[in-house]
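Asks: one predicted model, sequence on top.
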Amino acid sequence: MIRDSWESLGRNKVPHGMVMFSRLFELEPALLGLFQYNTSCGSTQDCLASPEFLDHVTKVMLVVDAAVSHLDDLLSLEDFLLNLGRKHQAVGVDTQSFAVVGESLLYMLQCALGETYTAPLRQAWLNMYSVVVSAMSRGWAQNGEHKAD
């Protein structure tokens, strides 16, 4: 189900990622402050127009793409996801924000898929995202432990 739903979305990642991040900033406006590029992201529109931010959106969507591609063996992404969690900890993202990103992902899927976005499909995406976030959270915690040493 996940692969089928992602097939059309994965070919057009950036626009869908923009929907996801727009929703993220609606739900958690304070996250805008984490995106400081050459031009400050003082507003959602400033961020969405920034080439550096578009690069970040692309990277996030590629992570989703990798998770979908490795659905049968998400453990093969463990090291990558641990490192991603460490990077997020280092830039000041807290683990509670991972849940808001998940909500934003589900919102984007619902908008893009319309009537084909069903409760079982939502649960399948939640299950996959939970595995991804679990690994990222472990990396986040490990990075915090190293900083405390």
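Replies: Received it, and whenever you're ready, just let me know what you need.

Asks: can you spell out which helices and strands pack onto the helix or strand of the chain with the lowest mean pLDDT?
Replies: Sorting the helices and strands of the chain by mean pLDDT, DSSP states H and E puts helix 44-49 at the bottom, at a mean of 79. On a contact count with 3 or more CB pairs under 8 Å, 6 or more residues apart in numbering; DSSP states H and E, helix 44-49 meets helix 13-27. (C-beta placed from N, C-alpha, C; glycine too.)

Asks: tell me which residues in the helix it packs on are buried?
Replies: Lys13, His16, Gly17, Met18, Val19, Met20, Phe21, Ser22, Arg23, Leu24, Phe25 (16 or more other CB atoms under 10 Å).

Asks: strands along the chain, start to end?
Replies: Using DSSP state E, no strands are found in the chain.

Asks: quick one, helices of it?
Replies: 2-10, 13-27, 44-49, 51-69, 78-90, 96-113, 119-148 (DSSP state H).

Asks: in CSV: those, plus distance to Leu34.
Replies: Formatted as CSV, those follow (distance: least, CB to CB, whole Å):
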stretch, distance to Leu34
helix 2-10, 25
helix 13-27, 11
helix 44-49, 10
helix 51-69, 10
helix 78-90, 9
helix 96-113, 9
helix 119-148, 14
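
Asks: hey, least reliable of the ones you listed by pLDDT?
Replies: Ranked by mean pLDDT, these end with helix 44-49 at the bottom, a mean of 79.

Asks: using PDB, write out every CA atom in that helix.
Replies: These are the backbone C-alpha positions of helix 44-49, laid out as PDB (Å, rounded to 0.1, in the frame of the first residue of the first chain):
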ATOM      1  CA  THR A  44       7.100  30.600   6.000                       C
ATOM      2  CA  GLN A  45       7.200  32.400   2.600                       C
ATOM      3  CA  ASP A  46      10.800  33.500   3.200                       C
ATOM      4  CA  CYS A  47      11.800  29.900   3.900                       C
ATOM      5  CA  LEU A  48       9.900  28.300   1.100                       C
ATOM      6  CA  ALA A  49      11.500  30.700  -1.400                       C
END
